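**Q** no sequence on this one, just coordinates:
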C-alpha cells in the first residue's frame, strides 16, 4: 500500500467547541463542532470538524465532506462547514463529518506543500480525512460499515488518495472537480494524469468522477476525462459523469452553490443507490401544515402572489444560522435572502431592488420575527406570541 504514515486509531476525547442542541431548522438534529486529534510523528494537530446527524440513535451511514484550497495561504482560508450540502445527506438519514484539514483555517498543524509531487501531497492530505473517519468510528450513532467520502477540488484528489487505502467500511469515493493545478510545475497536466493513474493502481473502492465542461482549472472536460481514464486503468470500478456547461458560471464551483444541487444531486443519488444505500428523504421536513414555526414553508405569506417565495425560504433554511442569515418579504410578492455579515440589511436591499414594496423581515438567524398574518393554504393563522416556539 502506498501512502504516508497512517493516522493512529486510538482517539482521545475531542474538545467540543460548540453545540447547537435545538436548531429551529430541526429541533433534534445533531450539529456540533469538535477538535479531532490527528497524531503525527511528534505532535498532535487538532482538526476543526463539523458534525451533523439526524435525530435518533442510528446507526446512520457516514458521509465525509472534503474542502478544496483557495488561492493564497491556507492558514487564512475560512473553514467550510458545508452546511447546506450536509443537510441534503442528513435529510436522507446520513451522519456527516466535514473536517478542516491540517494547516487550513482554524485547524492546527502545518500545511503540506506538494512541490509538484501531487501524489505525495494528496496522500499526505488524506491523513486528515482518515483522522476524521477514525474519530467518527467512536460515535455510537455512526454506521462504520457504510462510509462514503466526497471531496471537491483539492479535496477531490484527496478523497481519491484515501480510496487507495481501501479502508474498512469505506464503500464509495466521489471526486468532484478534483485535482491540483500549479502552473509553476512544468508539464503539470501530464503529471496530474500520471498521478491519477498511480492513485487508481491500488484502489478497489467504487469511485465516481464528476466534472463540468467550463471549469476554470480543468477547461472543457478533455483533461478531466484523461484523469478518469488513467485512474480507471487500475480501478475499473469507476464511473465518469460529464456535468456539461454550468450555466450559472464556473463548473468548478457546482458543489458550492445552491443552484449547483440540481447538477450534482442526481448522479450522487444514482451512485449511492448503486452502493445499496437509501436515498429516501426522511428527516427535516420543512412543510408542517398550520404550525407557526420557523421551519414551515407553508405559512410564509404572499406565496399566492409569487410561489418563488417558498423557494427563497427553502434557501434560508438551508443556510448556516451561525454565519448569519435573513429573509425579507413584501406584500407584492418580492423577497430578499442574504447570508453573512449584515444579512438583514442586504436582504432588505435585495427585496427593494427587485421591486418589493413594504419589505418586511420575516426570519433572522434562528428566529421567526414576522408580525403580520401567516398563510396556511387559503387560511391565515394568528401571529404567535413568541418569536420562535
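**A** Thanks, I have it. Computed from a predicted model, the values in this text were never measured in an experiment.
**Q** is it correct that residue 267 is in contact with residue 209?
**A** No: judged on C-beta atoms under 8 Å, residue 267 makes no contact with residue 209 at a distance of 9.9 Å. In short, each C-beta sits where N, CA and C put it, glycine included.
**Q** these two: which is more packed in?
**A** Higher neighbour count among residue 267 and residue 209: residue 209, with 26 against 19, using other C-beta atoms under 10 Å.
**Q** would you mind finding the longest helix in this protein?
**A** What stands out as the longest helix in the chain, according to DSSP state H, is helix 118-136.
**Q** so what strands line up beside the next helix or strand after it?
**A** Per DSSP states H and E, the first helix or strand lying C-terminal to helix 118-136 is strand 142-152. If you go by DSSP bridges, strand 142-152 pairs up with strand 60-66 (parallel), strand 170-176 (parallel).
**Q** of all these, which lies closest to residue 162?
**A** Residue 162 lies closest, by C-beta to C-beta, to one member of these: strand 170-176, at 7.1 Å.
**Q** just the residues contacting the closest one, thanks.
**A** By C-beta atoms under 8 Å, 6 or more residues apart in numbering, the residues outside strand 170-176 that reach it are 133, 146-153, 156-157, 159-160, 162-163, 203, 205-211, 254-255, 264, 268, 271-272, 275.
**Q** now do the contacts for the residue most central in space within the chain.
**A** For the chain, the residue nearest the mean C-alpha position is residue 82 (3.3 Å; C-alpha atoms, centre = their mean). Residues near residue 82 by C-beta under 8 Å, 6+ apart: 50, 65, 67, 96, 98.
**Q** just to revisit the earlier point, packing partners of the longest helix of the chain?
**A** If contacts are counted by 3 or more C-beta pairs under 8 Å, 6 or more residues apart in numbering; DSSP states H and E, helix 118-136 sits against strand 30-39, strand 44-53, strand 60-66, strand 95-99, strand 142-152, helix 154-163, helix 188-200.
**Q** tell me the most buried of these?
**A** Mean neighbours per residue, mean count of other C-beta atoms under 10 Å, is largest over the helices and strands packed on helix 118-136 for helix 154-163, with a mean of 29.
**Q** tell me the bridge partners for the nearest residue to residue 232 once chain neighbours are set aside.
**A** With sequence-adjacent residues excluded and distances taken as C-beta to C-beta, 6 or more residues apart in numbering, residue 232 is closest to residue 238, at 4.7 Å. Residues in a beta bridge with residue 238, per DSSP bridges, are residue 207.
**Q** list the contacts of residue 238.
**A** 200, 206, 207, 208, 209, 228, 231, 232.
**Q** can you list these in TSV and add distance to residue 59?
**A** Formatted as TSV, those follow (distance: C-beta to C-beta, whole Å):
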residue	distance to residue 59
200	30
206	21
207	24
208	24
209	29
228	33
231	31
232	32
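**Q** got the domain boundaries for this structure?
**A** Domain ranges of the chain: 15-274, 297-381, per automatic domain parsing.
**Q** roughly how far is the shortest one from the heart of the chain?
**A** Its chain's C-alpha centre and that of domain 297-381 lie 24 Å apart, by C-alpha atoms, centre = their mean, to the nearest Å.
**Q** begin at 38, not 1, for the rest of this chat.
**A** I'll keep to 38 as the first residue from here, and by that count the last item is domain 334-418.
**Q** pLDDT wise, what is the residue nearest to residue 269 at?
**A** According to the prediction, residue 275 has pLDDT 97.
**Q** cool, residue 412 as well?
**A** Predicted confidence (pLDDT) for residue 412: 81.
**Q** list the contacts of it.
**A** The neighbours of residue 412, taking C-beta under 8 Å, 6+ apart as the test, are 335, 336, 337, 338, 339, 340, 341.
**Q** mind running it again at 10 Å?
**A** Listed by C-beta atoms under 10 Å, 6 or more residues apart in numbering, the contact set of residue 412 reads 327, 334, 335, 336, 337, 338, 339, 340, 341, 346, 418.
**Q** again with residue 396
**A** Contacts here follow C-beta under 10 Å, 6+ apart; on that basis residue 396 touches 365-369, 371-373, 384-390.
**Q** not counting sequence-adjacent ones, nearest residue to it?
**A** residue 388 (3.9 Å).
**Q** assign that neighbour to helix, strand or coil.
**A** Here residue 388 is helix, with the state taken from DSSP: H, G, I helix; E, B strand; the rest coil.
**Q** these two touch, right, it and residue 364?
**A** Yes: here residue 388 reaches residue 364: they are 9.3 Å apart, a contact under C-beta atoms under 10 Å.
**Q** what comes up buried for the longest helix of the chain?
**A** 155-173 (16 or more other C-beta atoms under 10 Å).
**Q** pLDDT at the closest residue to residue 371 other than its chain neighbours, what is it?
**A** Once flanking residues are discounted, residue 371 sits nearest to residue 393: 3.4 Å by C-beta to C-beta, 6+ apart. Looking at residue 393, its pLDDT is 92.
**Q** any weak-confidence spans in the stretch 88-237 of the chain?
**A** In the prediction, the stretch 88-237 of the chain carries no residues with pLDDT under 70.
**Q** beta-bridge partners for the closest residue to residue 169 other than its chain neighbours, please?
**A** Nearest non-adjacent residue to residue 169, counting by C-beta to C-beta, 6+ apart: residue 136, 3.9 Å away. Following DSSP bridges, residue 136 is listed with bridge partners residue 86.
**Q** what residues are up against residue 136?
**A** Shown in contact with residue 136 (C-beta under 10 Å, 6+ apart): 71, 73, 75, 84-88, 101-104, 116, 144, 165-170, 172-173, 192.
**Q** repeat for residue 249
**A** So residue 249 contacts 213-214, 255-258, 261, 278-283, 287-291, 297, 300-301 (C-beta under 10 Å, 6+ apart).
**Q** at 6 Å what do you get?
**A** Counting by C-beta atoms under 6 Å, 6 or more residues apart in numbering, residue 249 touches 280, 283, 288.
**Q** per-residue pLDDT, it?
**A** 95.
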